[in-house]
Every structure is written in C-alpha cells, then in structure tokens.
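Undergrad: Below: sequence and its predicted model.
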Amino acid sequence: MKKGFILLATGLLMSVACSSDKQKNAAGDNAGASVVEVKVADVKKQPVPQQVDFTGNIEPYVKNNISSAASQRVEKIMVEIGSRVRKGQLLVQMESLNYSQAKIQLENLKLDLARIEELYKAGGVAQQQYDQIKTQVSVAEQSIRNLDKNTKLLSPIDGVVTQRNYDNGDMVAGLPILVVMQIQPVKILINISEEYFPQVKVGTPVQITLDVYDGKVYSGKVSLIYPTIDPATRTFQAQVSISNPKSEIRPGMFARAKVNFGTKDRIVVPDKAVIKQSGTNDKYVYVLEGDVVKYTKVDVGKRVGSIYEIKSGLELGQKVVVAGISRLVDQAKVKVVETGLDLTKNE
C-alpha cells in the first residue's frame, strides 16, 4: 500500500513537470514569433527638384464695365456678345437730350461772354462780372465734356464683348450695359509658399497647362508680385501673364501652373516607408529605436521617383522600416535583417 502511494505521487510529479516544460516551450515559441524581421533604410538628405504646381482659373488681363454715370436711356448698342472691339470704338449711344440742352446752354453762355467781354474792354462792366461769366462758360464746357463721355460710350481697351445686359430703349439701372474683357494676354493668380518669396521675380518663367487642351504647354511669366504674406496661409500671391496670341485660352478655364525653383537639399525616405492612415490624409513611418519601432507622423512633400521629401517629423540619421511593415504595430519588437538600403532602388 505504501509502495503504491509512492508510485502514484511520483507519477503526478512527472506529469506536472512535463506540463511545465511544455508551457515554457510554448512561451518561448510565442516570444520568438513576436519579433518581426524588417528591412530598414537611413533617413538621408539629397537635392530634390523644387518644381511646384499650382492651380487656378484663367482671368482676363483687364475687365471693363461699360456704363453711363447718369441714369439715361439706351439709344443704340453697336455691338453684340462675342464682338471684338478696338480701343476708342463707339460701343453704346445713349439718348442725347441732356447733351443737346447742355450744348444750347453753352452756346448762349459763350454769346453772353462775348458781349460782356466787349463791354469790359470799353469799361462798361466790372472785372468781377466779367470773371463770373468766364467761370460759368468754363463750368459749362466741363459739364458738356462729361455728358459727351456719358452719351457716347467708347471701349477703353482692345478686347471682346462678354456680356450685354440691356436692349435698345432700356433705361439703365444698376448693371453695366456691356462687359468688355482683354484676353490677349490673359492671367492667372497663384498662391506661393513664403519660402520661395526671395526667388520669385517679375519675369520668372511659368509653364501653363489646361485640362481642356490635353498635351499643350503654354509659356507664361510672373508679371506682378503682391508685396505681403498672408499670415493665415503663409503664402503670397503672384500674377502670371500668358500671351495667348491665338485666343485659345479663355477666362474661366481651369489651369495648372508649374514653377521651377531649382533644387534644394531635403530630408528624404523611400516611398515604401510611408504609410497613409486610412480615412485621413495623415502620413506615418516606423522609426527604428533600438530593437523596437515607433509609429511616427510625418509631413510629406513632393514624391520624386521612388523617394518622398519629408518636410517635418524625421531627422537626418534616423532609420525607417521599408519592408515587413504589414506585421508591425507601434512599439513592436523587431529584428533588422538588412539596413542602409539605397533610397533610389525599389527593394
């Protein structure tokens, strides 16, 4: 009986020992499985082309609203929408009743002045009376010049009629009678990052492309630089002029403008290192820190070939994971199997 009890106890101890060994082995296996093998690349600095793309809408170089300063009736409109007009061309004739009356009044004042002048020379009127009539004639002449401008409406530019708001016989109220736009040249306004402010000059070349004309590239140049920086966007505005000799480019078209600012030394990483977080525009990389990786947000700039420009979030000399990313989480333990990869190669 005693011998049987000893055998039973010995068997239980052996069973417990075997179970403990299996648990240790399983724990060891799990610990080994949690270490992810990765490849890493150095965060480097290299020259990156600074070709910056902008978008905007084509605008007329000059836009003029043609209207009368006085509330008058339209007598005759000489042009239609789409008409090409020259500077100084008569566009609209307004009713001339006020002009005719003012002209008659001016002629009468001139006759009065002539009579007063003869009397003044003979000493028949005082200097003050003579000066008063001269002033009245001068005021009337200025008034009739203004009426003439507001009766015969001329085009101030070479351009195209793009809008007509009235018909012959209408009384003008509020809206301009016509709108004339200069479309040779045209322009586009772009907002440029303040870091490029010292490099942008009047005459800086700009390449223009339009979605409506696939494959065509138009030459433009900076014609005006606004002198202030917008503190909210950290950008400044520049006007780009395009000659448009064939009038292919029309106001309202969507345009893309490309400006070449040369090259600058930038921190770069392989494109395979950059992870886009689902549902956002945020970009991340895994940075190697000892034998673990840290999930790090980065501000990504341009993509050039197989590399990304990094504006912020990384420092020169750090290492980022480029292979094995799909099995990683923040603070995961890793084993580096290859390092110092060439950034320009697709590993």
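TA: Arrived safely, thanks for sending. Numbers count the residues shown, from 1 in each chain.
Undergrad: doesn't residue 117 fall inside a strand?
TA: No - when classified by DSSP: H, G, I helix; E, B strand; the rest coil, residue 117 is found to be helix rather than part of a strand.
Undergrad: my read: it touches residue 129, true?
TA: No - using C-beta atoms under 8 Å, residue 117 makes no contact with residue 129, being 10.8 Å away. C-betas here are computed from N, CA, C, even on glycine.
Undergrad: residue contacts, the closest residue to residue 235 other than its chain neighbours?
TA: Leaving out its chain neighbours, the residue that sits closest to residue 235 by C-beta to C-beta, 6 or more residues apart in numbering is residue 191, at 4.2 Å. Residue 191 makes contact with 54, 230, 233, 235, 236, 237, according to C-beta atoms under 8 Å, 6 or more residues apart in numbering.
Undergrad: ditto for residue 93
TA: Contacts of residue 93 were listed using C-beta under 8 Å, 6+ apart, and they are 75, 76, 78, 151, 152, 153.
Undergrad: Kindly report the same for residue 284.
TA: Going by C-beta under 8 Å, 6+ apart, residue 284 touches 274, 275, 277, 295, 296, 297, 298.
Undergrad: How confident is the prediction for the last one, by pLDDT?
TA: Per-residue pLDDT puts residue 298 at 95.
Undergrad: Residue 185 and residue 159: what is the separation?
TA: 11 Å (C-beta to C-beta, to the nearest Å).
Undergrad: Have a look at these two and say which one is more surrounded.
TA: residue 159 (23 against 18; other C-beta atoms under 10 Å).
Undergrad: Next, the contact list for that one, please.
TA: Neighbouring residues of residue 159 by C-beta under 8 Å, 6+ apart: 60, 62, 64, 84, 85, 180, 181, 182, 183.
Undergrad: I figured residue 80 was touching residue 162, is that so?
TA: No - Residue 80 sits out of contact with residue 162 when judged by C-beta under 8 Å, with a separation of 11.0 Å.
Undergrad: Find the residues that touch each one of the two.
TA: With C-beta under 8 Å, 6+ apart, residue 80 and residue 162 have no common neighbours.
Undergrad: Show me which of the two is the more surrounded one.
TA: residue 162 (18 against 9).
Undergrad: ranges for the helices of the chain?
TA: For the chain, the helices defined by DSSP state H occupy 2-33, 97-121, 127-151.
Undergrad: before we move on, back to that, could the contacts of residue 191 be laid out in a markdown table, adding pLDDT and neighbour count?
TA: Converted to a markdown table, the contacts of residue 191 look like this (pLDDT from 0 to 100; neighbours: other C-beta atoms under 10 Å):
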| residue | pLDDT | neighbour count |
| --- | --- | --- |
| 54 | 94 | 19 |
| 230 | 96 | 12 |
| 233 | 94 | 10 |
| 235 | 96 | 19 |
| 236 | 96 | 19 |
| 237 | 96 | 15 |
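Undergrad: Now tabulate the residues you listed in CSV and tack on distance to residue 224.
TA: Below are those laid out as CSV (distance: C-beta to C-beta, whole Å):
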residue, distance to residue 224
54, 15
230, 16
233, 19
235, 15
236, 11
237, 9
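Undergrad: Residue 92: which of the residues you listed is nearest?
TA: residue 237 (34.2 Å; C-beta to C-beta).
Undergrad: who touches that closest one in this structure?
TA: Contacts for residue 237 (C-beta under 8 Å, 6+ apart) come out as 189, 190, 191, 192, 226, 230.
Undergrad: pLDDT at residue 150, what is it?
TA: With respect to pLDDT, residue 150 has a value of 76.
Undergrad: Let me see the contact set for it.
TA: 68, 69, 70, 72, 94.
Undergrad: How many neighbouring residues does the second one have?
TA: When you say that, I think you mean residue 69. Residues near residue 69, counting by other C-beta under 10 Å: 10.
Undergrad: how far away is it from residue 330?
TA: Here residue 69 is placed at a distance of 70 Å from residue 330 (C-beta to C-beta).
Undergrad: What of the third one?
TA: Distance of residue 70 to residue 330, computed by C-beta to C-beta: 74 Å.
Undergrad: Just among the contacts of residue 159, which is most surrounded?
TA: Highest neighbour count within the contacts of residue 159, by other C-beta under 10 Å: residue 180, with 27 neighbours.
Undergrad: So that residue versus residue 84, what's the distance?
TA: 10 Å.
Undergrad: ditto for residue 327
TA: Counting by C-beta to C-beta, the gap from residue 327 to residue 84 is 67 Å.
Undergrad: swap in residue 329?
TA: Counting by C-beta to C-beta - residue 329 and residue 84 are separated by 67 Å.
Undergrad: Same question for residue 181.
TA: Distance, residue 181 to residue 84, by C-beta to C-beta: 11 Å.
Undergrad: Common neighbours of these two, please.
TA: Residues touching both residue 181 and residue 84 (C-beta under 8 Å, 6+ apart) are 159, 160.
Undergrad: quick check, nearest of the contacts of residue 191 to residue 217?
TA: Checking those against residue 217 by C-beta to C-beta gives residue 54 as the nearest, at 14.8 Å.
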